[in-house]
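J.: Turn this into a structure:
(2 chains)
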Amino acid sequence: MRNLLVTENITKKFGGLVAVNKVSIEVKEQTFTMLIGPNGCGKTTLINCCTGILKPTEGRVLFGDTDITGWPTHKIYEVGFVRSFQIPLPFLGLTVLDNVLGAMRNSGEAPLKAPFRRLWVQEEENNMEKAMEILRRVRLDNHWDKPSHTLGAAQLKMLEVAKGLASGARLIALDEPIGGVDPASADEILTHVAELKKEGLTFLVVEHRIDIAAPYADYIYAMDLGRLISQGTPSEVLNDPKVIEVYLGKGVEAC
Amino acid sequence: MITEQSRNSKNILGLFLKGEVITTVAILVVLTYFLVSRGLPMVLTIIIDFAVFAIVTMSLNLETGFTGIPQFGRVLAVIAGAFAVGAIPGRIMAASMGLPWGLKYAKDSIHYQISPELTQVLANSWVFSLLFLIFCVTIAAASGAGIGWLTSRPAIRLKEAYLGISLLAFGDFFMWVGHNWEPLVGGSTAVYVPDPFRIFGGGRFQAVVIVIFLVAMLVYAYLNRLTSSPFGRSLKMIRDNEVSAAAAGKDITRIRTQSLVIGSMLAGVAGGLYVIYTGTVTAMGYSRLVWTFWPWAFMMLGGIGSTTGVLLGVMVLTIMRTMITVYRFQLFGFLMAWGINPLWLEYTLMGAVIIGVILFLPHGLVPEKVQPMLPAGRVKKLFSGGMAAKPR
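T.: Purely as a prediction, here's the structure:
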């Protein structure tokens, strides 16, 4: 399997604080790669550096064969790499459907073309059908015409996933897709992600709830204090003493 | 039960809102009666003020209401349009007629001699008048758009308050340039603009009003179509959340620039048309109070993000403003006894409106609706074949 996303010694410093310290990870095509670690260990910062929201202080980010280090977010979207956010950031002034449509492309976004509905309405209708299909998958189809601010917390998470799917990306970085979601819905979201993986998508997932998410993962990277401390298959990483230590503290013998 | 209750409360809210609109309309009717009883010129004045400020306020609404740019420098693009119409077309005419046209053109002693000659040429030819008008609108739009683009370069990457302050400063800067650099538009004295409507003779005023009103309606139709499109959706996405919009593939800087350029272009047209209507330009006439903060008050009253609401806001306040200007000493003369000069009531009104709207009507008279970008009928038709589980 080819590597879809590779980071080479990514370092991100905020003044004196080294949030991410020489982290190199590889995300293989058509996998569910998980990134775990305690709060503040730099998982989200790493994702931000990969998706252009932050510029890494050092290191390189490769997507396929393209060096995307320091590219703006919208250009990274264009090569097929999108992300969702830990705290859902819906577009409050738009309907649920328009939130999803907004993550798609339509030539009517050009201001010269926009006033002439005839030129883009066919594209829009095609997009709408795709968007409704996606909404049905995440079970938001009944809410398609509601303002997005009327959704509940779990539904907003679903909407984030839907926006990621709508973009037609090859790699989707999900920042805590099941954080704050009840276990049943969480399994549902992850089952769905696993299905999409079979269809050819690749996922890089930041998640705290290892117990629920790990069974779905193909490969896990664990971070602590900005460094990579372990990697491997789920069973390897979850049994790694270093990983157990950062989550549970040192064992009795160590005292 | 819960749904029924919420539906009831919605109905009551709906009635209350409707009541508000009905009251507004009733007050407007009474005010309009008073004003209309003063004769046609008063009606025409209201229409022209409405039309010019409607264009400016709708352009402000595009940038602020739809894109979230804190446009506190609306006056800048208006000035660009006004100065361009004051400085360029007359000079071109003067040059082609062998009259002084360079830096001397705006010098008052020379200017007052040549400007009647220029207008005389237009007054004799329909073709010239029409071409002149089209040219004026074009350069007003171009210079508005140009200045919008120029200011966007350093400013667009700034965040909210800093962007607002920068835009405000740009606006004032250009007013003072115009005031102090005489060759541009005469400095502290006025520059006359050749009048393309002189050809209508006694019907000049009516003709100007009709043309400018039609332009305002065209702008309204254009903005409605522009914003109910994928482009409009991108604008709202950026307004609601920049980071999330970027993650959805929107080029924030480019789209904000586009919005600023289109808005500034329209504001420039308004500035140019106002100059054609008044026939003169004086730099000091373009203050940030009238051309930035009044449009803000209109927009806030009408409903930020609602193009139709903005029109209503401009209408209400224009009529009230005209009412005050006309009747201030008759109706409010008693305030003199308390040491308040009714001369300033107009300004008091605008301030009171802004405060009142923030306190009691934060979404304006016609709040922005959250609805699909395509008309509801089309969306429903699309989903009627069992696409959506329960289309409403």
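J.: so the residue minimising distance to the centre of chain B, which of the three states?
T.: Centroid-nearest residue in chain B: residue B:56, 1.1 Å away (criterion: Cα atoms, centre = their mean). Following DSSP: H, G, I helix; E, B strand; the rest coil, the label given to residue B:56 is helix.
J.: Surely it touches residue B:290?
T.: No. Assessed by Cβ atoms under 8 Å, residue B:56 is found out of contact with residue B:290, at 9.6 Å. To be clear about C-beta, it is placed using only N, CA and C from the backbone, and glycine gets the same treatment.
J.: Please pull up the helix or strand immediately following the strand or helix carrying residue B:76.
T.: Assigned by DSSP states H and E, residue B:76 falls within helix B:74-87. Sequence-wise, the next helix or strand downstream of helix B:74-87 (DSSP H and E) is helix B:89-96.
J.: Residues of the stretch 101-250 of chain A that sit close to chain B?
T.: When proximity is defined as Cβ under 8 Å from any Cβ of the partner chain, the stretch 101-250 of chain A approaches chain B at A:101-103, A:105-111, A:113-117, A:120-121, A:124-125, A:128-129, A:132, A:136, A:141-142, A:144-145, A:147-148, A:163, A:167.
J.: For chain A, just list every one of the strands.
T.: Using DSSP state E, the strands of chain A run over residues A:3-14, A:17-23, A:26-28, A:32-36, A:58-63, A:66-67, A:81-83, A:171-175, A:202-206, A:219-224, A:227-232.
J.: sorry, back to before: against residue B:304, how distant is the residue nearest to the centre of chain B?
T.: Taking Cβ to Cβ, to the nearest Å as the measure, residue B:56 falls 15 Å from residue B:304.
J.: So which of the strands of chain A is the most surrounded?
T.: strand A:81-83 (a mean of 28; mean count of other Cβ atoms under 10 Å in any protein chain shown).
J.: Kindly provide the whole-number mean pLDDT of it.
T.: Strand A:81-83 carries an average pLDDT of 87.
J.: Look up the pLDDT of residue 111 for me, please.
T.: Here I'm looking at chain A. For residue A:111, the model assigns a pLDDT of 91.
J.: To clarify, I was referring to chain B.
T.: Per-residue confidence (pLDDT) for residue B:111: 81.
J.: Is there a neighbour count for it? I'd like the number.
T.: Residue B:111: 19 surrounding residues under other Cβ atoms under 10 Å in any protein chain shown.
J.: cool, residue B:339 as well?
T.: For residue B:339, the neighbour count with other Cβ under 10 Å is 6.
J.: For it, what are phi and psi?
T.: Backbone torsions of residue B:339, given as degrees, to the nearest 10, read phi 80, psi 20.
J.: How much space separates it from residue B:328?
T.: To residue B:328, residue B:339 is 15 Å away according to Cβ to Cβ.
J.: what's the distance between residue B:24 and residue B:366?
T.: Computed as Cβ to Cβ, the residue B:24 to residue B:366 distance reads 10 Å.
J.: neighbour-wise, which of the two wins?
T.: Higher neighbour count among residue B:24 and residue B:366: residue B:366, with 21 against 16, using other Cβ under 10 Å.
J.: Please name the residues that touch that one.
T.: With Cβ atoms under 8 Å, 6 or more residues apart in numbering or on different chains as the criterion, the residues that contact residue B:366 are B:21, B:302-303, B:306, B:308-309, B:312.
J.: among those residues, which ones are buried?
T.: Applying 16 or more other Cβ atoms under 10 Å in any protein chain shown to the contacts of residue B:366, the neighbour count classes B:302-303, B:306, B:309, B:312 as buried.
J.: out of these, what pair is the most spread apart?
T.: B:306 and B:312 (8.8 Å; Cβ to Cβ).
J.: What about residue B:289, how many residues nearby?
T.: Around residue B:289 there are 10 residues (other Cβ under 10 Å).
J.: Could I get the phi/psi values of it?
T.: phi -60, psi -50.
J.: Please name the nearest non-neighbouring residue to it.
T.: Leaving out its chain neighbours, the residue that sits closest to residue B:289 by Cβ to Cβ, 6 or more residues apart in numbering or on different chains is residue B:347, at 7.5 Å.
J.: tell me which element the one you found is part of?
T.: Using DSSP H and E, residue B:347 sits within helix B:345-360.
J.: Mind jotting down where the helices sit in the stretch 51-200 of chain B?
T.: Along the stretch 51-200 of chain B, the stretches classed as helices by DSSP state H, counting those that start in this stretch are B:74-87, B:89-96, B:108-123, B:126-155, B:160-180, B:182-185.
J.: Format the CA atom coordinates belonging to the fifth one as CSV.
T.: Coordinates of each C-alpha in helix B:160-180 appear next as CSV, following Å, rounded to 0.1, in the frame of the first residue of the first chain:
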residue,chain,number,x,y,z
GLU,B,160,-12.4,42.4,12.8
ALA,B,161,-11.7,45.5,14.8
TYR,B,162,-8.3,46.3,13.1
LEU,B,163,-9.9,45.9,9.6
GLY,B,164,-12.7,48.2,10.7
ILE,B,165,-10.4,50.9,11.9
SER,B,166,-8.2,50.7,8.9
LEU,B,167,-11.1,51.1,6.5
LEU,B,168,-12.4,54.0,8.6
ALA,B,169,-9.1,55.7,8.3
PHE,B,170,-8.8,55.2,4.6
GLY,B,171,-12.2,56.9,4.2
ASP,B,172,-11.3,60.0,6.1
PHE,B,173,-7.9,60.2,4.4
PHE,B,174,-9.4,60.5,1.0
MET,B,175,-11.9,63.2,2.1
TRP,B,176,-9.0,65.3,3.3
VAL,B,177,-7.0,64.8,0.2
GLY,B,178,-9.9,66.1,-1.8
HIS,B,179,-10.4,69.0,0.5
ASN,B,180,-6.8,70.1,0.5
